[in-house]
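1. got a predicted structure here, sequence first:
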Amino acid sequence: MPLNGVAPVLFAIHDGQRIAVYLCASAKGVTRAEEDFAEKTAAADVIAHGRYAAANALAVYDYASSRSAMGEDIRVAQAVQALAKHL
């Protein structure tokens, strides 16, 4: 689903978990994309997910089927932070 006019690059990782990466024009665009996500999903039954923002990148990760006793996969957040260093 496009957010703030930006289409995501989609990836499937592990056993089908999905991650959508949005590369916005600026960090302000990421803020708007997060607001757009909240508006578009307000009335929806959204699966467990993590949202990670860094610089002009936003990643939305479906971790519902990969949750362990420790919670969401911290490696996704670390990858987004590493990506931000190169943007």
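-> Ah, there it is.

2. just give the number of residues close to Lys28.
-> Per other Cβ atoms under 10 Å, the neighbour tally for Lys28 reads 11. All C-beta spots, glycine's among them, are computed from the backbone N, C-alpha and C.

3. host element of it?
-> helix 27-41 (DSSP states H and E).

4. contact partners for Gly50?
-> Gly50 makes contact with 59-61, 63, 72, 76-77 under the criterion Cβ atoms under 8 Å, 6 or more residues apart in numbering.

5. wasn't Tyr22 part of a strand?
-> Yes. Assigned with DSSP: H, G, I helix; E, B strand; the rest coil, Tyr22 falls within a strand.

6. which residues does the residue positioned nearest the centre of the chain form beta bridges with?
-> Residue closest to the average C-alpha location in the chain (Cα atoms, centre = their mean): Val60, at 1.6 Å. Beta-bridge partners recorded for Val60 (DSSP bridges): Ala20, Arg51.

7. got any ranges where the protein has weak pLDDT?
-> Judged by pLDDT under 70, the chain has its weakly predicted residues at 15-16, 64-73, 87.

8. does Leu83 count as helix, strand or coil?
-> Counting by three-state DSSP, the backbone at Leu83 sits in helix.
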